[in-house]
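J.: sequence plus predicted model, see below.
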Amino acid sequence: MMERFSDWLASTSASEAFASATWFIPIVQTVHILAIAVVVTTLVMFNFRLLKLTRVGPPLDELSRSFMPWTWRALWVLLATGLLMIITEPARELLSFPFWLKMGMVALLVMLTLIVHSAVRRDGGYWAATSQRRVTGSALAIISLLLCIGIVTAGRLIAYV
């Protein structure tokens with residue numbers, strides 16, 4: 001079924017126009033990569049603070065207020081550029097296991113980020129209030145960082161698998 005959808009999408013005028021413009025994919029991929037850099041950088045900085053790997057700078061709630069708007073905007077850019085890449089090369093994306101693995105990890109990362117940051121928004125010291133919360137916050141930070149690494153890796157594998 002996905003193969004039929006991919007074939008149909010590849011035959012649309014939008015897909016054909018995007019694919020025939022030699023400048024289109026490099027520009028879209030560049031914007032996509034820059035947005036990935038924003039998401040990964042903001043999440044790494046936040047999660048390093050949650051893990052207490054960085055101790056200098058603003059508190060966790062300030063980091064969340066400062067970084068999360070950038071993170072969410074960059075995620076919207078990733079969605080838009082990702083859709084453009086799917087329209088342009090549907091078989092490369094939709095028929096690739098690394099693509100679906102990446103999408104699953106992105107969904108998990110978004111949910112995890114919502115959970116962690118909503119707790120910080122309600123109470124800036126939430127993840128430091130008890131030893132159980134500190135352990136949970138650290139575990140969530142490590143999972144978030146591993147998901148970032150997995151997403152970038154799966155994204156690169158789309159081109160080769």
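T.: In hand now; what should we look at?

J.: hey, where'd the helices end up in this structure?
T.: Along the chain, the stretches classed as helices by DSSP state H are 2-10, 13-20, 24-50, 60-88, 90-94, 97-122, 131-157.

J.: as a markdown table, those helices with mean pLDDT would be great.
T.: As requested, those are exported to a markdown table (pLDDT from 0 to 100):
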| stretch | mean pLDDT |
| --- | --- |
| helix 2-10 | 96 |
| helix 13-20 | 96 |
| helix 24-50 | 97 |
| helix 60-88 | 96 |
| helix 90-94 | 96 |
| helix 97-122 | 97 |
| helix 131-157 | 97 |
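
J.: residue 72: how many residues sit nearby?
T.: Number of residues near residue 72 (other C-beta atoms under 10 Å) recorded here: 16. No exception for glycine: its C-beta is placed from N, CA and C like everyone else's.

J.: so what's it up against?
T.: By C-beta atoms under 8 Å, 6 or more residues apart in numbering, the contact list for residue 72 is empty.

J.: measure it to residue 79 for me?
T.: Taking C-beta to C-beta, to the nearest Å as the measure, residue 72 falls 11 Å from residue 79.

J.: much appreciated, bye for now.
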